[in-house]
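K.L.:
Predicted coordinates and the sequence they were generated for:
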Amino acid sequence: MSANEVAAELAEIRIEPGLWEVRSEVVSVSAPGLPLVTRNRMVGPRPTVRNCITPEQAARPNANFLSGGNTGNCAYRDFSMDGGRMQGAMTCRNEDPPGITEATMDGTHRPGGYDMTMRMETQLPGGGVMQVETRTQGRRLGECPAGGDPNANAQAEEKAG
């Protein structure tokens with residue numbers, strides 16, 4: 001499937017505009033010869049991201065919604081978002097280091113949130129394969145703050161606390 005075909009599939013879902021928070025974590029990592037200390041540094045939560053989704057963006061979600069903005073090097077297959085469930089696979093060509101990543105995703109979605117697990121396998125130089133599993137949860141927090149700064153509320157809460 002092309003990025004445009006994925007965008008057409010995404011056009012069928014409803015996303016609520018407003019302030020969104022995305023939390024993600026690396027659940028597991030394995031690769032031949034990967035030192036335990038390196039593996040342990042890779043596994044765990046990632047920084048929480050907040051962003052404002054405009055009504056225009058919500059009305060026309062595209063493939064960047066799932067790929068983190070790197071749709072130019074990815075091809076999709078078996079992608080569907082039906083009945084609150086999202087599933088699919090993608091193959092991405094990496095430039096640094098050069099190689100191919102195969103990913104499958106499985107999760108649920110609703111207008112105010114989503115929960116997705118992604119499993120990725122990346123070919124390593126020398127013939128090995130790195131396997132990574134991530135979990136991402138997104139949820140709408142409310143309206144965007146005045147001025148459009150998605151972190152304004154969090155910064156105000158930190159100063160008050």
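P.N.:
It's in.

K.L.:
need the helices for this protein, in chain order.
P.N.:
Using DSSP state H, the helices of the chain run over 3-10, 36-42, 55-59, 64-67, 152-160.

K.L.:
hey, least reliable of the ones you listed by pLDDT?
P.N.:
Looking at the helices of the chain, the lowest mean pLDDT belongs to helix 152-160 (a mean of 45).

K.L.:
okay, and for the protein, where does confidence drop off?
P.N.:
The chain contains residues with pLDDT under 70 at 1-13, 61-72, 97, 148-161.

K.L.:
Recalculate using a threshold of 80.
P.N.:
For the chain, applying pLDDT under 80 flags the ranges 1-14, 59-73, 79, 81, 95-98, 125-126, 147-161.

K.L.:
Tell me, how many residues neighbour the closest residue to R140 other than its chain neighbours?
P.N.:
Excluding its sequence neighbours, the residue lying closest to R140 (CB to CB, 6 or more residues apart in numbering) is G112, at 4.3 Å. No exception for glycine: its C-beta is placed from N, CA and C like everyone else's. By other CB atoms under 10 Å, the residues close to G112 number 14.

K.L.:
so where do the strands sit in this structure?
P.N.:
Along the chain, counting by DSSP state E, strands occupy 18-30, 44-45, 49-53, 74-82, 85-95, 98-110, 113-123, 129-142.

K.L.:
got these as a markdown table, with mean neighbour count columns?
P.N.:
As requested, the strands of the chain are exported to a markdown table (neighbours: other CB atoms under 10 Å):
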| stretch | mean neighbour count |
| --- | --- |
| strand 18-30 | 16 |
| strand 44-45 | 10 |
| strand 49-53 | 16 |
| strand 74-82 | 15 |
| strand 85-95 | 16 |
| strand 98-110 | 16 |
| strand 113-123 | 17 |
| strand 129-142 | 16 |
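
K.L.:
what about those, which gets the closest to R60?
P.N.:
strand 49-53 (10.9 Å; CB to CB).

K.L.:
still on that earlier bit, which residues touch the residue nearest to R140?
P.N.:
If you count contacts by CB atoms under 8 Å, 6 or more residues apart in numbering, G112 has them with E16, R139, R140.

K.L.:
check contacts around the last one.
P.N.:
If I follow you right, that is R140. E16, G18, L19, W20, P111, G112, G113.
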